[in-house]
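Student: all I have is the shape, not the residue letters:
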């Protein structure tokens with residue numbers, strides 16, 4: 001609907017308020033148009049945005065993760081052999097690692113890593129295959145959707161795991177050398193549950209990871225949750241190789257790089273611009289502290305933040321105990337970090353000199369002392385590529 005003010009036609013405006021209110025049902029969805037902000041002096045406020053009544057574009061059909069077409073190309077030397085399954089690709093990479101076990105120098109395109117042992121060489125190459133699969137899925141998403149170009153520099157992180165990957169599912173403590181074996185094993189635990197929860201038939205879906213007992217309505221929801229324990233990611237940006245736990249986060253990663261003058265959803269509290277209405281709504285929640293600690297005056301916008309605050313500030317129980325010294329920790333992540341101080345394997349390597357150490361903190365301190373800069377992980381240098 002249009003109004004006439006001072007002889008100038010203006011489109012209807014929509015202001016973003018502190019609290020999100022329920023919208024009235026309308027035959028057509030209101031969609032913000034890029035680069036249409038009213039900038040004249042008679043505009044009611046800086047945080048109001050112009051909208052129009054165009055109908056939304058039809059969505060592309062959803063594709064299951066298991067149905068994503070794969071074209072996995074080996075980048076070992078001049079191999080370039082392609083595979084349509086991750087299992088076949090992983091077996092192929094294992095063969096490359098074993099046939100060159102005497103050199104222990106990675107010959108993957110643009111990878112300069114030198115591996116400590118032959119088993120870690122197999123692990124390292126398997127992770128390259130994992131990244132290739134995730135970037136392949138990211139490229140599939142880009143082909144189906146018109147998303148902004150990624151402008152970030154490509155950086156592949158290939159972590160060293162001397163102790164491999166350990167399953168912490170109930171009554172299971174299997175250890176795996178490669179990321180492929182670990183995530184394939186976790187699928188078996190997930191598929192051992194019914195597809196849909198039905199309490200009437202006593203068919204419940206429960207996460208049996210150590211220290212977790214949360215319930216879920218479906219196998220799919222359980223799989224999503226288990227990734228928070230295993231750190232599995234399902235898609236990567238083909239340009240910068242950032243990893244994501246779902247396709248929505250990958251889409252947001254690309255949309256956030258849209259030019260500022262094309263981002264037309266604005267926060268009424270801090271005036272920050274966003275490329276989509278959903279991202280704006282997510283941001284607005286950070287301005288409202290709905291949750292308060294009942295043991296102190298701390299307030300926060302999310303229940304997960306409140307739970308972490310209580311666990312670290314008010315709970316004295318530390319269930320994760322070190323087997324080498326009297327120290328104990330609130331969560332397993334802190335215990336794992338501490339255990340590295342007892343290990344003789346120096347898996348962290350400086351990329352500028354021959355210095356090695358056991359922990360990331362030790363490597364960061366080395367960078368500050370020796371090279372006057374910070375680094376958070378051992379990084380594999382890569383050349384900028386175009387997608």
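Tutor: On my side now, so go ahead. This is a predicted model, so every value here is computed, not measured.
Student: number of residues surrounding the spatially closest residue to residue 197 that is not a sequence neighbour?
Tutor: Spatial nearest neighbour of residue 197, chain neighbours left out: residue 205 (4.6 Å); criterion: Cβ to Cβ, 6 or more residues apart in numbering. From N, CA and C alone the C-beta is placed, and that goes for glycine too. Burial measure for residue 205: 21 neighbouring residues, criterion other Cβ atoms under 10 Å.
Student: separation between the residue nearest to the spatial centre of the chain and residue 330?
Tutor: What sits nearest the mean C-alpha location of the chain, by Cα atoms, centre = their mean, is residue 244, with 3.1 Å. Taking Cβ to Cβ, to the nearest Å as the measure, residue 244 falls 27 Å from residue 330.
Student: circling back to that earlier point, isn't the residue nearest to the centre of the chain right up against residue 232?
Tutor: No. Between residue 244 and residue 232 there is no contact under Cβ atoms under 8 Å: 10.9 Å.
Student: how confident was the prediction at the nearest residue to the residue nearest to the centre of the chain once chain neighbours are set aside?
Tutor: Spatially, and ignoring its direct neighbours in sequence, residue 244 is nearest to residue 250 (4.4 Å; Cβ to Cβ, 6+ apart). You'll see residue 250 listed with a pLDDT of 92.
Student: so which bits of stretch 295-312 are buried?
Tutor: 298, 300, 306, 309 (16 or more other Cβ atoms under 10 Å).
Student: what is the end-to-end distance of that stretch?
Tutor: Terminal residues of stretch 295-312 are spaced 13 Å apart (Cα to Cα, to the nearest Å).
Student: now do stretch 179-188, average pLDDT.
Tutor: Mean pLDDT, stretch 179-188: 96.
Student: one step back: okay, and the beta partners of the residue nearest to the centre of the chain?
Tutor: residue 235 (DSSP bridges).
Student: so who does it touch?
Tutor: 233, 234, 235, 236, 237, 250, 253 (Cβ atoms under 8 Å, 6 or more residues apart in numbering).
Student: thought the third one was touching residue 139?
Tutor: No. Under the criterion of Cβ under 8 Å, residue 235 makes no contact with residue 139, lying 9.7 Å away.
Student: the more surrounded of these two?
Tutor: Neighbour count, other Cβ under 10 Å: between residue 235 and residue 139, residue 235 has more, with 27 against 17.
Student: just to revisit the earlier point, need the contacts of residue 244 in JSON lines (columns: distance to residue 103).
Tutor: Shown next, in JSON lines, are these (distance: Cβ to Cβ, whole Å):
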{"residue": "233", "distance to residue 103": "30"}
{"residue": "234", "distance to residue 103": "33"}
{"residue": "235", "distance to residue 103": "33"}
{"residue": "236", "distance to residue 103": "28"}
{"residue": "237", "distance to residue 103": "31"}
{"residue": "250", "distance to residue 103": "36"}
{"residue": "253", "distance to residue 103": "36"}
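Student: most neighbours among those residues, which one?
Tutor: That'd be residue 235 among the contacts of residue 244, by other Cβ under 10 Å, with 27 neighbours.
Student: measure the spatially closest residue to residue 279 that is not a sequence neighbour to residue 331 for me?
Tutor: Spatial nearest neighbour of residue 279, chain neighbours left out: residue 252 (6.2 Å); criterion: Cβ to Cβ, 6+ apart. As judged by Cβ to Cβ, residue 252 and residue 331 stand 27 Å apart.
Student: cool, residue 208 as well?
Tutor: With Cβ to Cβ as the criterion, residue 208 and residue 331 are 18 Å apart.
Student: try residue 301
Tutor: When residue 301 is compared with residue 331 (using Cβ to Cβ), they lie 22 Å apart.
Student: do residue 139 as well
Tutor: Where residue 331 is concerned, residue 139 sits at a distance of 36 Å (Cβ to Cβ).
Student: which residues sit in contact with residue 353?
Tutor: 370, 371.
Student: in terms of helices and strands, where is it?
Tutor: Residue 353 belongs to no helix or strand when elements are defined using DSSP states H and E.
Student: that one and residue 165: what is the separation?
Tutor: 30 Å.
Student: do the same with residue 255
Tutor: Counting by Cβ to Cβ, the gap from residue 255 to residue 165 is 32 Å.
Student: same drill for these two, tell me which one is more crowded.
Tutor: residue 165 (20 against 16).
Student: which residue sits closest to the more buried one, ignoring its sequence neighbours?
Tutor: Per Cβ to Cβ, 6+ apart, closest to residue 165 is residue 182, 3.7 Å.
Student: for residue 321, give me phi and psi.
Tutor: Main-chain torsions, residue 321, degrees, to the nearest 10: phi -110, psi 140.
Student: what bridges to it?
Tutor: Bridge pairing for residue 321 - DSSP bridges - gives residue 328.
Student: count of neighbours near it?
Tutor: Count around residue 321 with other Cβ under 10 Å applied: 12.
Student: lowest confidence element among the helices and strands of the protein?
Tutor: The weakest-scoring helix or strand in the chain, judged by mean pLDDT, DSSP states H and E, is strand 48-52 (a mean of 34).
Student: so where's this protein shaky on pLDDT?
Tutor: 1-61, 101-102, 373-387 (pLDDT under 70).
Student: any chance you could map the helices in it?
Tutor: Under the criterion DSSP state H, the chain carries helices at the ranges 86-99, 118-144, 179-191, 219-230, 247-255, 277-285, 303-313, 332-339, 360-366.
Student: so residue 217 makes contact with residue 195?
Tutor: No. Taking contacts as Cβ under 8 Å, residue 217 lies outside contact range of residue 195: 10.5 Å.
Student: before I go, just wanted to say thanks for your time.
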